[in-house]
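*Asks:* Requesting a structural model of the entry that follows:
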Amino acid sequence: MSQNPIENYLTDIAEIQRTRSHTPETSFYSALETLLTSIGKELNPKVRCVMQISGKDSGFPDGGLFTGEQFRKRPKQVDRGDPLLSTQNPARGVIEVKAPEEDVRTTAESEQVGRYWKKYGAVLVTNLRSFALVGKDCNGDPRILETFTLADSAQDFWNLTAHPRKAAYEHGERMVEYLRRVLLHKAPLARPQDVATILASYAQDARLRMEGTDLPALASVRRALEDALGIRFEGKKGEHFFQSTLVQTLFYGVFSAWVVWARKRSSHESGGGSYSESLREETPHIPGRERTPPVLRKRAFRRRALSATHPTRKPVLHRTGGSRRSAVPRPERGNGAAGAHCGAAAARKGPGPPLNGPERLCA
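*Replies:* The predicted model follows:
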C-alpha cells in the first residue's frame, strides 16, 4: 500500500466502484474514514474519523471527527447509568456524505446540514470528489468557509480514480493540507505553534497554487524585487525561491498588519472595555477556531515561516572562520518572513488577546 493517503483513497474508491455492487454513498464510507484518520493521526492530539455515528434530535450525521481524548481506556467496571459514559459529540465536527453526482454546495446549504451545524458547530460536506467546510461567519451564522475540488463532475472523478498515483501527484499535497485544516478547524489556538502551523498551511497552499501556473502579473513584481535586491532568480530553484519569498511576505505581512490594526482599533473604539473583549469580535476567520489566548513568540514563527515553503529541505551548511553557519538566511526584518516577527512582537504586548484562528478577515 502506498504511503500517500490520497492515492490510497482513490485506489479504494476505484476498487469498490469496479465491483458494480456498491451503493451510491455508504459503500465508500470506509475509504473516506481511512483517508481522514490517516491524516488525523499526524496531528496532536490525534483525530480519528468514525462513520455512522449515533444522533439525537438533530438527526444522524454520516460520520464524526473525534480527538484522542475522546477514546477512553476501557474501565474496569462499566456503569451504563453513568452520564460520563453517555454519547459524546465529535470534538472536531461531523461529516455529511453524498454521491458523486450530487452538488456539494446545495447540500451544504440544506436544512439538514443546518441542523447539524447548530448542534456540532462544524460540518464537512463531501460527495467524495468535492469538499466544503461549513462553519460560522463573523456574525455567528452558518457559512461555507473553505472548499476543495478534485474533479468537476462525477465522470471526471471516475476517470481520475483510474490513475490514482497521477492524481495524487497533481492534487494530493493541496488536498492533504486542506483536510488537515478541516481537522484543526475547532481546535483551540493555545500555543504559538498552533497559529504558525495554520498560517504555514495556507502559505504552502498558496505556493502550490502558483506552481505550474503562468501569472504575468507577477513578472513586474519579480523584476522589481530583482532590481531592488540586486539579485536574479534563475532556473527552477530560483523560481521556487521567488514564489516562497513572495508568499511568506504576503501572508505574514498581512497577519502582522492585522495585529497592529486590531490593537489600535481596540484602543480607540473599545470605550473602556478590555482589548480581549473587543478583539474577540474582530478576529479574522481563516477558518474558525475556539478562541484561546496564545503567546506569540518570534522563534516559533521563524521556524514555521521557513518550514511553510521548505517543508523537507535541510539547511545547507558551510564553514566561515572555523564555525558552522547556515546558508539558509534567518528571517530577520526586511526579508520574506519579517511580517511574522512584527505580528509576533505586537501580539506579545498587552494582556494577550484571544485569537479565533485562521479565519477570513471580517473587518
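*Asks:* Residue 262 and residue 248, how far apart?
*Replies:* For residue 262, the distance to residue 248 (C-beta to C-beta, to the nearest Å) stands at 21 Å. All C-beta spots, glycine's among them, are computed from the backbone N, C-alpha and C.
*Asks:* Who has more neighbours out of those two?
*Replies:* Shown here are residue 262 and residue 248; by other C-beta atoms under 10 Å, residue 248 has more neighbours (26 against 21).
*Asks:* Show me which positions of the helix or strand hosting that one end up buried.
*Replies:* Secondary structure assignment for residue 248, by DSSP states H and E: helix 235-269. The neighbour-count check on helix 235-269 (16 or more other C-beta atoms under 10 Å) flags 240-249, 251-253, 255-256, 258-259, 262-263, 266 as buried.
*Asks:* Can I get stretch 101-108 as CSV, trimmed to CA atoms?
*Replies:* In CSV, the C-alpha atoms belonging to stretch 101-108 read as follows (Å, rounded to 0.1, in the frame of the first residue of the first chain):
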residue,chain,number,x,y,z
GLU,A,101,-23.5,13.1,-8.8
GLU,A,102,-24.8,15.3,-6.0
ASP,A,103,-23.8,19.0,-5.7
VAL,A,104,-21.8,19.8,-2.6
ARG,A,105,-22.9,23.5,-2.3
THR,A,106,-26.6,22.6,-2.5
THR,A,107,-26.1,20.0,0.3
ALA,A,108,-24.1,22.4,2.4
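*Asks:* Contacts for it, please.
*Replies:* 24, 96, 98, 113, 123, 125-127, 130-132, 134, 144, 147, 154 (C-beta atoms under 8 Å, 6 or more residues apart in numbering).
*Asks:* mean confidence for it?
*Replies:* Across stretch 101-108, the average pLDDT comes to 97.
*Asks:* List the buried residues for it?
*Replies:* Residues 102, 104, 107-108 are the ones in stretch 101-108 that count as buried (16+ other C-beta under 10 Å).
*Asks:* can you put those in JSON lines and add secondary structure?
*Replies:* Shown next, in JSON lines, are those (DSSP: H, G, I helix; E, B strand; the rest coil):
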{"residue": "102", "secondary structure": "coil"}
{"residue": "104", "secondary structure": "helix"}
{"residue": "107", "secondary structure": "helix"}
{"residue": "108", "secondary structure": "helix"}
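*Asks:* what two of those have the greatest distance between them?
*Replies:* For the buried residues of stretch 101-108, the farthest-apart pair by C-beta to C-beta is 102 and 108; their separation is 10.8 Å.
*Asks:* For this structure, which segments are assigned as strands?
*Replies:* Using DSSP state E, the strands of the chain run over 47-51, 63-67, 94-97, 123-126, 130-136, 142-149, 317-320, 323-326.
*Asks:* Could you tell me how many residues sit around residue 135?
*Replies:* 23.
*Asks:* okay, how far is it across stretch 227-244, tip to tip?
*Replies:* End-to-end distance of stretch 227-244 (C-alpha to C-alpha, to the nearest Å): 18 Å.
*Asks:* Check what contacts stretch 40-48 and list those residues.
*Replies:* For stretch 40-48, the external contacting residues (C-beta under 8 Å, 6+ apart) are 36-37, 39, 49, 65-69, 71, 92, 180, 183-184.
*Asks:* and those, which are buried?
*Replies:* Neighbour-count burial (16+ other C-beta under 10 Å) applied to the contacts of stretch 40-48 gives 36-37, 39, 49, 65-67, 92, 180, 183-184.
*Asks:* Among the residues you listed, give me the pair with the biggest separation.
*Replies:* Distance extremes for those: the farthest pair is 66 and 180 at 16.1 Å, using C-beta to C-beta.
*Asks:* how about the closest residue to residue 89 other than its chain neighbours, what does it touch?
*Replies:* Of all residues not flanking residue 89 in the chain, residue 120 sits nearest, at 6.1 Å (C-beta to C-beta, 6 or more residues apart in numbering). Applying C-beta under 8 Å, 6+ apart to residue 120 gives the contacts 58, 61, 64, 89-90, 93-94.
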